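# my questions concern the predicted model and sequence given below.
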Amino acid sequence: MPPDVNPALGSEPSVQLFRTVLVLATHLRTRMDQRLAELDLTTQQAAVLTFVEESERAPTLGETARALGTSHQNARQVVAVLERKSLVEVRHDGDDRRVRRLAVTSRVGEVFTRRDLDDRLAVTQWLGALSEPEQRQAVQLLGRVLEDLARSGPADGP
């Protein structure tokens with residue numbers, strides 16, 4: 001077995017990558033959850049807010065779920081909590097009243113403007129083991145995986 005393969009992660013590079021990304025995601029999410037706790041928010045809630053705020057057109061619940069790689073039901077639960085916190089509004093589409101679109105409230109800007117720089121600095125520190133070019137390469141490579149997963153649709157059965 002080559003010396004660069006960690007047997008604890010499995011022998012195939014794809015299995016190693018999967019397990020490494022999974023553990024890394026858990027560590028990063030836990031750290032961000034701790035930072036956001038003072039706002040009574042989770043990383044998943046902040047991800048929904050970021051996606052909705054940065055979308056060119058107010059997204060639907062389904063579009064939000066697909067973009068974040070989660071189920072429609074999970075996205076609905078997160079949005080319901082954000083509505084109760086007055087951070088998101090669900091509005092009828094102007095062209096088709098059957099379609100409901102998500103929009104952040106002005107409260108989102110108030111909440112995040114004062115902490116955005118500190119959060120960005122924390123993320124920079126967490127990922128500091130990689131140089132900036134390495135980070136760009138990782139974004140590109142993992143982005144290709146995400147695009148491929150998005151094209152293939154939801155996960156198949158068991």
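Great, that's in hand.

# now the chain, which segments are flagged as low pLDDT?
1-10, 154-158 (pLDDT under 70).

# what about the strands in it?
Using DSSP state E, the strands of the chain run over 88-92, 100-104.

# for those strands, which one ends up most surrounded?
Across those, the average number of neighbours (mean count of other C-beta atoms under 10 Å) peaks for strand 100-104, which reaches a mean of 19. Every C-beta, even on glycine, is put in place using the N, C-alpha and C of the backbone.

# quick check: the spatially most central residue of the chain vs residue 54, distance?
Nearest residue to the geometric centre of the chain (C-alpha atoms, centre = their mean): residue 47, 4.6 Å. Distance of residue 47 to residue 54, given as C-beta to C-beta, to the nearest Å: 11 Å.

# for residue 105, same thing?
15 Å.

# between those two, tell me which one has more neighbours.
Using other C-beta atoms under 10 Å, the more surrounded residue of residue 105 and residue 54 is residue 105, with 16 against 9.

# quick one, what contacts that one?
Residues in contact with residue 105 (C-beta atoms under 8 Å, 6 or more residues apart in numbering) are 86-89.

# give the closest residue to the residue nearest to the centre of the chain in space, chain neighbours not counted.
In this structure, residue 47 finds its nearest non-sequential neighbour in residue 68, 5.8 Å apart by C-beta to C-beta, 6 or more residues apart in numbering.

# and that neighbour, what does it touch?
44, 47-48, 51, 75.

# kindly recompute the last result at 10 Å.
Residues in contact with residue 68, defined by C-beta atoms under 10 Å, 6 or more residues apart in numbering, are 44, 47-48, 50-51, 74-75, 78.

# equivalent analysis for residue 112, please.
Residue 112 touches 39, 41, 46, 49-50, 53, 87, 104, 119, counting by C-beta under 10 Å, 6+ apart.

# gap between residue 134 and residue 127?
Using C-beta to C-beta, residue 134 is found at 9 Å from residue 127.

# ok, now residue 72?
Following C-beta to C-beta, the distance that separates residue 72 from residue 127 is 31 Å.
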